[in-house]
Every structure is written in C-alpha cells, then in structure tokens.
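Enquirer: here is my input; please provide its structure:
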Amino acid sequence: MSGDRSHSDVHAVVLAAGIGRRLQPLTDETPKTLLDVNGRPILGHILDALADAGYERVTVVTGFGADQVRAFCESYDDLAFEFIHSDAFRETNNSYSLWLARERLREGFTLVNSDTLFPIGCLDRLREHDGSALVVDAGKELDEEEMMVRIEDGRVVAIGKDLERGDGEYIGLCKFESEDAPALVRHLDELVEQGRTDEWYEAAFDRLVPDQRVGIVEVRNDWIEIDDREDLRASKRLWGEA
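Expert: Take a look at the predicted model:
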C-alpha cells in the first residue's frame, strides 16, 4: 500500500445479512448475494471489482446463509476477510448491520450493498474523489421505491425514500473518510439507542450530511440493484459480457 492511500481506499465493508424475500423461492436456501449472474454469484462480481481496484481488506456482515457467504469469501486469496454476524437479521434492517461493524469504520471505509452490481470504474472514480462521497445516478427517473438524494452545490443535503423531490438515486456504494466516519458511527449509535434498528442506514447519512460535507460521484445506467426477479433478469442482460 502506498503511503498516500487512505483506509477507505483499501478497506471495504459489504453488507450481506438480508433474506431477499422478494426473490423467494430462489432465496429460500441461498442468500441473495450468492444468486448467479452469468456464471458468477453477485458477491463474486463485487469481490472481483474490489480486488481489481486494489482493495486489500473486506469486512462482511452476514446474517441469512452466513456459512455459505463465508465459505464463498474464503475462496479468495487476494482479499483479507473479517466476518461479523448479525443474529437479529430477521428483525433488523441494514442500519443495524452497519452498526455491528462500527469498530471497523472509524478510520474510513468503502461501503457496498451486496445486491448491487456496478462497473469497476465506479470504484476508481470514488477513490479518486477528494473526501467522503455517495455514488449517485443523477439521470434516473425516481419514484417512491428509490433511495433519493437531494444535491446542492455538489454535496448531498438530504437522503431518503420519503423526500418530496430528489436529484438522483443512491446506488448502494459510497465511501467515508476518517474525518467523517466517527460522526457517522455516532448517528448509527443513536438509531440503535432509540430502538430504530429497522431503519435503512441512509437514515444515519441523512443525520450526518447537514454538518459533514458528503460529495457525489455520478454513474448512469451501467449499474443495477437486484431486488426481484425482473432485476435479476436485467442484471444478466447488463452483465452479459462479465
């Protein structure tokens, strides 16, 4: 690792605790992140991108199908893994999963949702960005299902599914540098202390952005979040050459 690379450039956190109910029965026995997309599990595409981009360490938060996820990760020689298990994955949302990894966040990290496919260029641009940033699709037509981001002067000023308007969709890929990560952990702590463990982690982001500058890295069209069978079919078309 070169001397000028930050922790967020080498350490990624992958949230892989979810059940994937909208993809049942495909996910009755198989974690969503291990579903096949053109001969490779979703998680395999993600880990390939992280390794190719020069990441060295990956913290994986597991829940449903933890043994399967762990076994798949441990087949990689180019990445060093640490695993954190959520026993409460059936009752909690991803804010709780991220909170479980809080001791690994404070020095900076890149965060990846384990159901999102994206080109390696997203990681390259994210790492080149000066400061913390969310990867945002600013060209997509938005509805109430999207995780909307409101942007002013190149920075995120609000994020959530209940915004009256949004300027883009957060795709589930971001980084937080060491100067911002401790404040994010405090907001995650507050959500857990208030019993709000069923929240999306973006609720903590929304609390953070008024006081900490979080920029954006734009991506268009060449990514997909896999929530249902239509998304899975689309991912196979999009990643046809993968």
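Enquirer: any regions of this protein where pLDDT drops low?
Expert: In the predicted model, the chain carries pLDDT under 70 at residues 1-5, 143-144, 241-242.
Enquirer: what segments of it are strands?
Expert: Listed from the start of the chain, the chain has strands (DSSP state E) covering 11-16, 57-62, 80-85, 109-113, 116-117, 133-137, 148-152, 155-160, 168-176, 215-218, 224-225.
Enquirer: burial count for R220?
Expert: The burial metric for R220, expressed as a neighbour count using other C-beta atoms under 10 Å, is 11. To be clear about C-beta, it is placed using only N, CA and C from the backbone, and glycine gets the same treatment.
Enquirer: please apply the same query to the one 3 residues further on.
Expert: Number of residues near W223 (other C-beta under 10 Å) recorded here: 20.
Enquirer: and what of L188?
Expert: Each residue near L188 was counted by other C-beta under 10 Å, and the total is 25.
Enquirer: nearest residue to it in space, please, no chain neighbours.
Expert: The shortest distance from L188 to any residue that is not its chain neighbour, by C-beta to C-beta, 6 or more residues apart in numbering, is 4.3 Å, and that residue is W99.
Enquirer: give me the neighbour count for that neighbour.
Expert: Burial measure for W99: 22 neighbouring residues, criterion other C-beta under 10 Å.
Enquirer: correct me if wrong: it contacts E190.
Expert: No. The pair W99 / E190 is not scored as a contact, 10.0 Å apart, by C-beta atoms under 8 Å.
Enquirer: H129 reaches E218, doesn't it?
Expert: No. Contact criterion C-beta under 8 Å: H129 and E218 do not qualify, at 10.5 Å.
Enquirer: who's more crowded, the two?
Expert: The neighbour comparison of H129 against E218 (other C-beta under 10 Å) goes to H129, with 17 against 13.
Enquirer: and the closest residue to that one other than its chain neighbours, how far is that from D189?
Expert: Across the structure, with C-beta to C-beta, 6+ apart as the measure, the residue nearest H129 apart from its sequence neighbours is V217 (5.3 Å). Here the distance between V217 and D189 works out to 27 Å (C-beta to C-beta, to the nearest Å).
Enquirer: good, we can wrap up now.
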